[in-house]
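Colleague: Show me the folded form of this:
(chains A and B)
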Amino acid sequence: MSALLVIDRLSVRYDSRDVLRALSLEVARGEIVALMGPSGVGKSTALRAVVALQPFDDGRIVVDGFALAPGPVPPESRLVRLRRGVGLVFQAHALFAHLTALDNVTLALRHVLGQSRAEAEGVAAELLASLDVGARAGAWPSQLSGGEAQRVAIARALAPNPPLLLMDEPTAALDPARRSALGSTLRDLAEQGRGLLIATHDTEFARGHADRVVQLTV
Amino acid sequence: MWGGDAEGGAPFVEADPADPARVRGFDVEVAERIARGLERRAARFVQVQWSSIDQSVERGDFTLGLSGVEDTPVRRARHAVTIPYFEFREVLAVRPEDARRIHSLGDLRGRRVATLGATIAYDLLVAARDSTGLIPLSYDDDVHPYADLVAGRVDAVLLDHIIAQRALRRAGGSGFVILKEPVAVGHYVGVLARTDSVLRDSVDAVLRAAMRDGTLEQIFRRWDVWDPSQGALFDRVVRTAGGAAGAARTAGTVQAIAYLPSLARAAAVTLLVSILSMLLAVIVGLTLASARVYGPGWQRVATTVYVEVIRGTPLLLQLFVIYYGLAGVVRLPAFLAAILALGLNYAAYEAEIYRGALEAVPRAQLEAARTLGLSELQILRLVRGPQALRFALAPMTNDFVALLKDSALVSVITVVELTKQTAIYATNVGSWVVPGALCAAVYLAMSLPLARLARRLERRWRPAA
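Modeller: Below is the predicted model:
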């Protein structure tokens, strides 16, 4: 089975300082891979390079058959396939502050996939319910707890139904009970056939819930 | 000490071209003649805005106001007024091609007639508005009414014959004609503080002496304003020795209620000018801010220059440039010029607010939108714009309230709005107390609900955590 995500000798430099040096990893469908390492080691940079928010200097990234080359980030018009192939859950969630939980999830469905409002709201309500936040659909981001906001952010990233999901430090703001709940949520997503790449410095979480761990060192 | 307005110009009072620190004119010489008669060494001149002479003389800024000051019943009732020393005729000026059709105010139905604000001429026009349906326009100076007559912005000007003849000379004797038949006759007087009636009587005695000994006639002949009607006036005045000529009538009690309709109309003008200007400011401001945030280098430079030039120069200057300065290229109606000037001025401030608000939206929000596949335009429309609006709302409300008040400036280009109407009202009743309070109340009634509405909207868009 071909890998959903291939990162091949990825290198990123800031001001001639290596942030990432020749990182290689693969994520297959149905697999949870943890990208481990202390803070500042370039985990977030790697995720940002995969979703083309960050240019890279060397190497190659292939997401579900779509390849990114070194150099400046291509214009959005050439990234349509990438955007459909991968979703990112930001560390601080970055929910749209002016939209309710439901509208955070419907935004891409309506304006990128062109679904009608009713159709999008049906999909979004189902997604939120499957992540246990169906009752919070009408809430504003500022009214959500950390765990709720994270699950709404997962729903938002999953709304366009990308096969690959990236998460940046998902356990940062979670209590132990919430962490194990998150673990089983991720397992459910993997069992639906998605690939997951989790950047984390939480060794316990990585060992407990990931299929494979890729260690980054300084 | 005597006060006058050198901006009023020759032949009344003007800065001496040979020595601009000195003033000259027939009013200057009349003042000097009075000083001599009172055995005061020299008459010292104090510059004062013409429309404020009455208030300044009551405040004690100077003893005698003398600068083409008109003899009116209200003035006689409120201040100590001298005998008349000059008789003027209110004359109509029209464009040459209209001279055969227009002979009096009655021929000006539906036409725009300009004059200086707070004058007998303005009162005549306002009185004629109801009977003949003409449209009175009040100016703050006596030069621009004639300029606008030549430019076609107004159809006639009603002012003192001295002012009309001077304007005609300045225009090189063409562009408009002065109608022979006067609309009314009035007199220039000196005005003193109400408590100075004893000094007023002495000034009257000096003026009578100057009429008898011919010095006043010499002064008027020197300035080329002498005519037979002055001689007739002198005869009448000298004969009525003692007591003021033209007995002071008491001004009718001017009730505030009579002014309410015109104040309401002026408030509507203020509100309309403000709303339309703000609308223009928002549209232009958004365009400028987008160019500054998203545009290529040259657009960023161009918008920065616009913003800095507009913010770095007085709004008053911009008003004059748009209304008078552009008149050679495009002759904008005053109302439109007012909205353009205010709108383009505030656009610079709005642009800065929107730029700041756009840049205040956290980058993660924009990146999240990008990873979802939204285009740059969609991000602006669906994520960045709506969030920036919340940041911009409070400063925008402040700006609108400021604009509401700044709109008072447009009165200099003949738009009669709330403050101007209040000034007219205050001049008529001779006091600022009631008109000022009424005017302030109307401004507050317009601005306070706005601030409240904005707070409510802000609460709705930014729910508490």
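Colleague: Give me the buried positions along stretch B:368-385.
Modeller: For stretch B:368-385, a neighbour-count test (16 or more other CB atoms under 10 Å in any protein chain shown) marks B:368-375, B:378-380, B:382-385 as buried. (Glycine included, C-beta is placed from N, CA and C.)
Colleague: What residues does the stretch 201-350 of chain B have near chain A?
Modeller: Within the stretch 201-350 of chain B, no position is near chain A by CB under 8 Å from any CB of the partner chain.
Colleague: what residue ranges in the stretch 201-350 of chain B score low on pLDDT?
Modeller: B:241-256 (pLDDT under 70).
Colleague: just checking, what packs against the helix or strand containing B:A423?
Modeller: Element membership for B:A423, per DSSP states H and E: helix B:418-429. Applying 3 or more CB pairs under 8 Å, 6 or more residues apart in numbering or on different chains; DSSP states H and E, we find helix B:418-429 packed against helix B:256-294, helix B:433-461.
Colleague: Now do it and helix B:256-294, the angle between them.
Modeller: Angle, helix B:418-429 to helix B:256-294, by axes from the mean of the first three to the mean of the last three CA atoms, to 10 degrees: 160 degrees.
Colleague: Helix B:433-461 and helix B:418-429, what's the angle between them?
Modeller: Taking the same axes, to 10 degrees, helix B:418-429 and helix B:433-461 form an angle of 160 degrees between their directions.
Colleague: Figure out how far helix B:418-429 is from the centre of its chain.
Modeller: Computed by CA atoms, centre = their mean, to the nearest Å, the separation of helix B:418-429 from the middle of its chain amounts to 11 Å.
Colleague: can I have that helix written out in PDB, keeping just the CAs?
Modeller: Presented in PDB, the C-alpha positions along helix B:418-429 are these (Å, rounded to 0.1, in the frame of the first residue of the first chain):
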ATOM      1  CA  LEU B 418     -26.800  73.300  12.700                       C
ATOM      2  CA  THR B 419     -24.000  75.400  14.000                       C
ATOM      3  CA  LYS B 420     -24.400  78.100  11.300                       C
ATOM      4  CA  GLN B 421     -28.100  78.300  11.900                       C
ATOM      5  CA  THR B 422     -27.400  78.600  15.600                       C
ATOM      6  CA  ALA B 423     -25.000  81.500  14.900                       C
ATOM      7  CA  ILE B 424     -27.700  83.200  12.800                       C
ATOM      8  CA  TYR B 425     -30.200  82.700  15.600                       C
ATOM      9  CA  ALA B 426     -27.700  83.900  18.200                       C
ATOM     10  CA  THR B 427     -27.000  87.100  16.200                       C
ATOM     11  CA  ASN B 428     -30.700  87.800  15.900                       C
ATOM     12  CA  VAL B 429     -31.500  87.400  19.600                       C
END
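Colleague: what's that helix in contact with?
Modeller: Helix B:418-429 is contacted from outside by B:51, B:54, B:74, B:117-118, B:122, B:138, B:254, B:259, B:262-263, B:265-267, B:269-270, B:408, B:411, B:416, B:432, B:435-436, B:438-439, B:442-443, using CB atoms under 8 Å, 6 or more residues apart in numbering or on different chains.
Colleague: pLDDT of it, averaged?
Modeller: Helix B:418-429 shows a mean pLDDT of 80.
Colleague: Repeat that for stretch B:176-191.
Modeller: 92.
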